[in-house]
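Asks: next comes the sequence, and after it the predicted model I'd like to discuss.
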Amino acid sequence: MGNKKNRRRLKNILPVFCLFLAGIWMLFETIGLTTAQAQPPSGLSKIYFPLIFRSGPFSWPTISLNQVAGGLVQPTSITHAGDNSSRIFVTEQPGRIRIIRNGALLPTPFLDIATRLSNPGGEQGLLSLAFPPGYGSVRNHFYVYYTNPVGTLVIARYRPTANPDVADPIGEEVILTIEHPTFSNHNGGQLQFGPDGYLYIGTGDGGSGGDPFKNAQNPAALLGKLLRIDVEAAITPPHYSIPATNPYVGTPGYRGEIWALGLRNPWRFSFDRQTGDLYIGDVGQNLWEEVDFQPANSVGGENYGWNILEGLHCFDPAVGCVMPLRYSPPVAEYPHSPDCSITGGYVYRGPGNAAMQGIYFYGDICSGNIRGLQRLNGSWFSNLLKTAPFGISTFGEDQAGNLYAADYAGGSIHQITSP
């Protein structure tokens, strides 16, 4: 008799309990508290395996794209000189640097080095530009990153003429060259001065697919790495020195220039101008795009996993991979179709646009998707914010911190705002 009552009671309670569990799951789905579908590689404890969330418990901004300039040819990077000139500098892949001032594209290029480049197109050409701290006052030179006619990666220094809007194309000083002879793709291409005043350089793994030469995990190669060098303390040849605090200085078999390794093709990295944290958009192989992260207090040496892993997933071998030493998993990933190639961006710290503050904006050149990424209590949340009607080749900031995105095919620059 008692057993029958218990069974009837259980029969009545069970549907309610199931509905309760379903409700909890729907709540977790709504606020983003479900992990990405990825299995950690062998040896990676679940304690350290990052939880990569969906939209999260945030009110995400509605963003707009407002064109500020057009008439460019294949823009590859956007930056400023930090000299209070209100100029925006844009590199064009065929070998020119253009200036935008007050919404107008100046007709004369700031620099034209097209004759020094390989046939621009694909992933080769003029890829980046960086001005050192104090440009226009205590320093009067800048740096470019390009591929030469045989595919070598070149970091070079140039200077402006008496006209601050025109640089001298003749007086090139080559700082660093990295051989890249076999394939034309995966050149990396980012230059950025860090909060420490050193120049950071993002290099690709040497090209083809799958990193056939294993450059990204090879400590004796400069390809597939994030490099850190001092270019301001050595103006005369050899033009740069290796900071004594680089993580592998004095380590047998390692190049001292290496700050981090295990990258496939880092296409745009940036430092949060408020915190100093580093974000890297690393282009994936066929399935996954990723965002890597390095906190401001890092001493370097992170290994981001390629080509052992693609995103959070085993790549070589396809199953049962073992994470490398000092492995740092991505904090965000997304699959292909319609996306296919990440474009790393910036954490917004500019004027106004309150809803955008503290969000890392990144995109995709194939789909035009723009996503936001932010962290809460050690967990990362990402959300699709907008689909641009163009492929995004780069993001950039002006001196005030306003954020811009480039239309690669259309040759236009758009400011990102939140009404």
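Replies: Noted; the coordinates are in hand. Numbers count the residues shown, from 1 in each chain.
Asks: how about low-confidence regions in this structure?
Replies: 1-55 (pLDDT under 70).
Asks: at 50 what do you get?
Replies: Residue ranges of the chain with pLDDT under 50: 1-40, 42-53.
Asks: where's residue 212, which helix or strand?
Replies: Here residue 212, judged by DSSP states H and E, is contained in no helix and no strand.
Asks: now do it against residue 223, distance only.
Replies: 12 Å (C-beta to C-beta, to the nearest Å). In this view, the C-beta of every residue, glycine as well, is placed from N, C-alpha and C.
Asks: these two: which is more packed in?
Replies: residue 223 (24 against 13; other C-beta atoms under 10 Å).
Asks: residues in contact with that one?
Replies: 178, 180, 203, 204, 205, 206, 213, 215, 216 (C-beta atoms under 8 Å, 6 or more residues apart in numbering).
Asks: by neighbours, which of these wins?
Replies: Ranked by neighbours (other C-beta under 10 Å), the contacts of residue 223 are led by residue 205, which has 33 neighbours.
Asks: would you check that that one makes contact with residue 261?
Replies: No. Residue 205 lies out of contact with residue 261 (C-beta atoms under 8 Å); the separation is 10.1 Å.
Asks: between the two, what contacts are shared?
Replies: Common neighbours of residue 205 and residue 261 (C-beta under 8 Å, 6+ apart) are 216, 224.
Asks: in this structure residue 241 contacts residue 229, no?
Replies: Yes. Assessed by C-beta under 8 Å, residue 241 is found in contact with residue 229 at 7.1 Å.
Asks: tell me which element residue 374 is part of?
Replies: Element membership for residue 374 (DSSP H and E) is strand 369-376.
Asks: mind giving me the packing neighbours of that strand?
Replies: Secondary-structure packing of strand 369-376 (3 or more C-beta pairs under 8 Å, 6 or more residues apart in numbering; DSSP states H and E): strand 332-335, strand 360-364, strand 379-387.
Asks: how far off strand 369-376 does the next helix or strand after the longest one point, in degrees?
Replies: Using DSSP H and E, the helix or strand that follows strand 379-387 in sequence is strand 392-397. Here strand 392-397 points in a direction 50 degrees away from that of strand 369-376 (axes from the mean of the first three to the mean of the last three C-alpha atoms, to 10 degrees).
Asks: centre of the chain to strand 392-397, how far?
Replies: Taking C-alpha atoms, centre = their mean, to the nearest Å, the mean C-alpha location of strand 392-397 is offset from the chain mean by 10 Å.
Asks: residues contacting whatever helix or strand comes next after that strand, please?
Replies: Counting by DSSP H and E, the next helix or strand C-terminal to strand 392-397 is strand 403-407. Applying C-beta under 8 Å, 6+ apart, the external contacts of strand 403-407 come out as 65, 68, 72, 75-76, 78, 88, 90, 345-346, 348, 350, 356, 361, 363, 370, 388, 390-398, 412-416.
Asks: sheet partners, orientation included, of strand 403-407?
Replies: Using DSSP bridges, strand 403-407 pairs in its sheet with strand 392-397 (antiparallel), strand 412-417 (antiparallel).
Asks: export those as JSON lines, with columns for distance to residue 83.
Replies: Converted to JSON lines, those look like this (distance: least, C-beta to C-beta, whole Å):
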{"stretch": "strand 392-397", "distance to residue 83": "14"}
{"stretch": "strand 412-417", "distance to residue 83": "19"}
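Asks: out of the ones you listed, deepest packed?
Replies: Stretch with highest mean neighbour count among these: strand 392-397 (a mean of 24; mean count of other C-beta atoms under 10 Å).
Asks: just want the angle from that one to strand 360-364.
Replies: Using the same axes, to 10 degrees, the direction of strand 392-397 lies 160 degrees away from that of strand 360-364.
Asks: the more surrounded of residue 241 and residue 229?
Replies: For residue 241 and residue 229, the more surrounded residue by other C-beta under 10 Å is residue 229, and the numbers stand at 23 against 15.
Asks: wait, doesn't that one sit right on residue 176?
Replies: Yes. In this structure, residue 229 is within contact of residue 176 by C-beta under 8 Å, at 7.1 Å.
Asks: which neighbours do these two have in common?
Replies: Common contacts of residue 229 and residue 176 (C-beta under 8 Å, 6+ apart): 201, 240.
Asks: returning to what we had before: which of the helices and strands packed on strand 369-376 sits closest to residue 82?
Replies: Closest to residue 82 of these, according to C-beta to C-beta: strand 360-364, at 20.8 Å.
Asks: now do that closest one: distance to the chain's middle.
Replies: Going by C-alpha atoms, centre = their mean, the spacing between the C-alpha centre of strand 360-364 and its chain's C-alpha centre is 9 Å.
Asks: and stretch 330-341, by the same measure?
Replies: Centroid separation between stretch 330-341 and its chain, computed with C-alpha atoms, centre = their mean, is 13 Å.
Asks: ok, stretch 293-304 next?
Replies: Between the centre of stretch 293-304 and the centre of its chain there are 14 Å (C-alpha atoms, centre = their mean).
Asks: is it true that residue 100 touches residue 87?
Replies: Yes. With contact defined as C-beta under 8 Å, residue 100 counts as touching residue 87 (7.0 Å).
Asks: so between those two, which is more surrounded?
Replies: Ranked by neighbour count (other C-beta under 10 Å), residue 100 and residue 87 place residue 100 first, with 22 against 19.
Asks: so who does residue 152 touch?
Replies: Counting by C-beta under 8 Å, 6+ apart, residue 152 has contacts 177, 178, 179, 180, 181.
Asks: 6 Å instead, please
Replies: 177, 179, 180 (C-beta atoms under 6 Å, 6 or more residues apart in numbering).
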